[in-house]
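Chemist: model this:
(one chain, ligands or ions: 1)
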Amino acid sequence: PTRHLLCLAGSLRRESWNRRLLQAATGLVPAGVHATVFADLAAAALFDEDLEQADPAGPAGVRALRQAIAAADGLVIATPEYNHAMPGVLKNALDWLSRESPQGEVLAGKPVAVLGASSGPWGTRLAQASLRQVLHTCGALVMPSPTLYVAHAAQRFDAQGDLADASLRAALSAFMGAAATWTARMAPPPAREPV
Ligand code: FNR
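Modeler: Numbering: from 1, shown residues only. From the prediction side, this is the model:
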């Protein structure tokens, strides 16, 4: 059966390097794997426990995100770095996803691979470190390696926004292969037949 990797970008910017990276990644997956990029995280309202109390399923945008994650075998999250941490839009989504809901705690036990691109020279090292910590807290199964830190992101894409860096393409392909393997290894065991 085909495994589905859902890719989330931690940026809302129309020309986001992180979304472009994920778009390139969807074409670099091994056979038997299907990867899609989630629309964006803008539809998830700002987290507020009052909203949660009013409706445990959460606002519509949050429900759609939870649904997409619950249906995926694994996640690939590409984060920008804002002030040495992940952007608030991504943290906000993770705060929603960390909560019990009628759709369950959708990050608990979910295989996740983390990467990121930034315009600076360190390629989101600190943002990824904080993202990993939050994901661990949510019970996600975070792929330990390989890591992929894309520095000087603007230089890696052509005028059409396509990935134009052969060594990054190779690293991204290896990363997606590893993410697929990790997702398969971490998959929950099939339910046992009743005896
Ligand atoms: C940045 N940027 C940035 N880059 C970096 O390498 N380390 C950092 O700490 C920061 N801090 C930071 C704060 C804020 C508020 C902004 C808006 C930007 C630059 C950032 O890497 C760049 O804008 C990327 O292009 C963002 O990713 P997307 O939107 O292209 O995916």
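Chemist: His84 and Ala127, how far apart?
Modeler: His84 is 7 Å from Ala127, where distance means CB to CB, to the nearest Å. C-beta: built from backbone N, CA, C; applies to glycine.
Chemist: try Leu75
Modeler: For Leu75, the distance to Ala127 equals 16 Å [CB to CB].
Chemist: follow-up on the earlier one: of His84 and Ala127, who's got more company?
Modeler: When neighbours are counted by other CB atoms under 10 Å, Ala127 comes out ahead of the other of His84 and Ala127, with 25 against 12.
Chemist: now the more buried one, nearest residue through space, not along the chain?
Modeler: In space, and not counting its chain neighbours, Ala127 is closest to Glu81: 3.6 Å by CB to CB, 6 or more residues apart in numbering.
Chemist: likewise for Gly104?
Modeler: Ala70 (6.8 Å).
Chemist: checking that neighbour next. Helix, strand or coil?
Modeler: Using DSSP: H, G, I helix; E, B strand; the rest coil, the structure places Ala70 in helix.
Chemist: ok, now which ones touch Val112?
Modeler: Residues near Val112 by CB atoms under 8 Å, 6 or more residues apart in numbering: 74-77, 135, 140-143.
Chemist: can you map out the helices along this protein?
Modeler: Remark: helices assigned in the chain by DSSP state H are 17-26, 49-54, 60-71, 88-97, 125-137, 166-186.
Chemist: need the residues that contact the third one.
Modeler: Defining contact as CB under 8 Å, 6+ apart, one finds that helix 60-71 is touched by 4, 6, 38, 41-45, 57-58, 75, 93, 96-97, 101, 103-104, 106-107, 110.
Chemist: tell me the buried residues within these.
Modeler: Taking 16 or more other CB atoms under 10 Å as the criterion, what is buried in the contacts of helix 60-71 is 6, 38, 41, 44, 58, 75, 93, 96-97, 101, 103, 106-107, 110.
Chemist: hmm, back to that, strands - which of the contacts of helix 60-71 land there?
Modeler: Of the contacts of helix 60-71, the ones assigned to strands by DSSP state E are 4, 6, 75.
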